[in-house]
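>>> below is the sequence, then the predicted model.
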Amino acid sequence: MEKATIKITKRLDKSLVERLVFLKYTLEEALNYLRDTTNEYGFTVGISLLHDSIENLFWAIALKRKVSIKDISVPEKFEQLSKSIGKKIAFDKTSLVGLCRVRDSYKHHALLPNISQTVSITDKIVFDFYQTINNIFGIDLEVVSLSSLILDEKLKKEIQDIEKLLYGNKKHTYNSYKDLLFKIGETYFNHFEINFTLFSLQDAYDIFSKKKRARFKFPKRDVNEIALNHLELGLTPYLYWRFKNFVPEFGVDTETNETISKMSFYWGRENWTYKNVKFCLNWLINYALKRQWLYSNKQYDLNSTHRVQVVVPRKEVKITLSNYDTEKNLRTISEFSLQAGLEYLGCFIDFVDGAWQDYEENVNTAHFILYTSGLNYHGEIDKNTFDIVETYFDDIPNDKMNVYLSNASQAGKVISKETVKRTID
């Protein structure tokens with residue numbers, strides 16, 4: 001059993017841990033490309049990443065052993081470190097020179113590597129890489145965790161708690177691996193899937209039309225959508241399905257708001273193993289980091305709009321709208337008598353930038369939200385009844401806002417209130 005992750009920081013200072021975490025990331029990225037020997041372009045990227053990983057390792061060794069090295073080539077750094085440290089630097093100069101020659105060929109001459117001749121070099125270097133880490137730092141690179149790179153503190157703590165249970169226990173059983181797979185699946189659900197089970201606009205439509213709503217909700221996502229999302233993150237969709245086969249599927253009991261779980265065909269002690277727990281944990285960490293780096297390092301600003309509309313009825317009109325209280329499961333239906341010429345605040349969903357966007361609908365009604373001093377109401381109404389002026393919440397003076405909301409509140413009267421029971425489909 002590898003040494004526990006939690007003990008690493010007791011032997012190494014923070015800067016060294018950060019270096020090891022980073023070089024593990026670059027090494028694993030290199031291996032992802034090098035494994036595919038049919039793609040010479042990807043293999044070439046892997047060569048570059050492997051070269052950078054070795055250089056990062058040599059700088060980390062110099063820091064750990066307090067050896068002064070210059071900013072010179074990788075083989076020359078190897079010679080300098082070998083003179084001070086000896087055979088604990090497990091690389092051999094021939095392999096390093098071969099790697100650098102391949103890298104220089106495409107970097108300076110745009111010549112892609114001969115993969116069949118290069119694989120033996122990269123395999124030897126990767127083996128020496130892990131051995132050198134063990135010789136110098138006294139740890140297995142496998143237990144250096146990328147979880148420290150996760151910015152979401154709650155997610156990071158949950159993952160690191162799982163790591164402590166996995167790597168800190170030398171006497172695992174089927175049941176302890178079972179519990180870890182359960183925790184990993186639950187963590188994934190709570191941070192990345194629960195939004196697919198929350199109350200949606202479709203639920204509101206179902207309730208309004210008195211369609212039965214399922215009590216137990218599990219995430220429902222299109223297979224192609226999942227594949228595209230993972231490809232966008234640079235992940236292999238196949239590995240997502242391997243992960244989902246090993247962990248339970250989680251959902252929500254909409255009556256109690258409790259998390260529920262159901263097990264797949266593969267949920268049995270045959271699959272409750274150290275190897276599978278480690279795969280699922282590493283997959284979760286990698287998924288979290290890929291999402292973090294794609295969605296947090298934005299080169300653009302995409303914000304929710306506060307656009308609203310001031311609507312003026314062309315003639316007196318009566319409309320029926322409803323409000324649904326998700327906490328109380330209470331639906332309130334009200335009738336509003338809107339007066340010609342008065343101003344009300346609302347939002348036609350399909351009216352954007354002065355034009356209707358429902359080109360293929362070919363109907364005279366549109367979904368409308370009416371803002372009152374209390375609740376907000378929604379429903380389908382005739383879209384040709386109003387003159388519409390778009391504006392923004394922030395641009396409406398307080399006195400005007402009060403007038404708009406008051407007009408709507410005075411125009412409405414409750415027709416009925418009913419408790420909507422959630423039932424199983």
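Okay, I see it.
>>> what stretches of the stretch 251-400 of the chain score poorly on pLDDT?
Counting by pLDDT under 70, the stretch 251-400 of the chain shows low-confidence ranges at 297-300, 302.
>>> which residues in it form helices?
With DSSP state H, counting those that start in this stretch as the criterion, the stretch 251-400 of the chain has helices at 274-296, 398-411.
>>> most packed of those?
Burial among the helices of the stretch 251-400 of the chain, expressed as mean neighbours by mean count of other CB atoms under 10 Å, is greatest for helix 274-296, which shows a mean of 17. The way it works is simple: take the backbone N, C-alpha and C, and place the C-beta from them, glycine included.
>>> mind giving me the packing neighbours of it?
When contacts are defined as 3 or more CB pairs under 8 Å, 6 or more residues apart in numbering; DSSP states H and E, helix 274-296 sits against helix 153-167, helix 174-188, helix 237-246.
>>> columns distance to E18, mean neighbour count and mean pLDDT on top of those helices, output as a markdown table?
Converted to a markdown table, the helices and strands packed on helix 274-296 look like this (distance: least, CB to CB, whole Å; neighbours: other CB atoms under 10 Å; pLDDT from 0 to 100):
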| stretch | distance to E18 | mean neighbour count | mean pLDDT |
| --- | --- | --- | --- |
| helix 153-167 | 14 | 17 | 92 |
| helix 174-188 | 24 | 18 | 95 |
| helix 237-246 | 27 | 16 | 92 |
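>>> got CSV for the helices of the stretch 251-400 of the chain, with distance to L231 too?
Below are the helices of the stretch 251-400 of the chain laid out as CSV (distance: least, CB to CB, whole Å):
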stretch, distance to L231
helix 274-296, 11
helix 398-411, 46
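>>> turn the helices and strands packed on helix 274-296 into CSV, including distance to D140.
Putting the helices and strands packed on helix 274-296 into CSV (distance: least, CB to CB, whole Å) gives the following:
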stretch, distance to D140
helix 153-167, 10
helix 174-188, 19
helix 237-246, 23
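>>> please name the nearest non-neighbouring residue to the spatially most central residue of the chain.
Geometric centre of the chain, nearest residue: R291, 4.1 Å, by CA atoms, centre = their mean. Closest residue to R291 apart from its sequence neighbours, by CB to CB, 6 or more residues apart in numbering: L233 at 6.4 Å.
>>> how near is that neighbour to L289?
Distance, L233 to L289, by CB to CB, to the nearest Å: 10 Å.
>>> what's the burial count for the residue lying closest to C347 once chain neighbours are set aside?
Counting by CB to CB, 6+ apart, C347 lies nearest to I369, which is 4.6 Å off, once chain neighbours are set aside. Counted with other CB atoms under 10 Å, residues neighbouring I369 total 16.
>>> shouldn't the residue nearest to the centre of the chain be in contact with G234?
No: R291 lies out of contact with G234 (CB atoms under 8 Å); the separation is 10.6 Å.
>>> quick one: low-confidence parts of the stretch 1-150 of the chain?
For the stretch 1-150 of the chain, residues meeting the criterion pLDDT under 70 lie at 1-15.
>>> so this structure: which segments form each domain?
5-144, 148-296, 307-419 (automatic domain parsing).
>>> where along the protein do the strands fall?
For the chain, the strands defined by DSSP state E cover 216-217, 249-253, 258-262, 307-313, 317-325, 330-338, 344-348, 351-352, 355-356, 365-371, 376-382, 386-392, 412-419.
>>> which neighbours does the fourth one have in its sheet, and in what orientation?
The reference is to strand 307-313. Sheet partners assigned to strand 307-313 using DSSP bridges are listed as strand 344-348 (antiparallel), strand 386-392 (antiparallel).
>>> cheers, nothing more for now.
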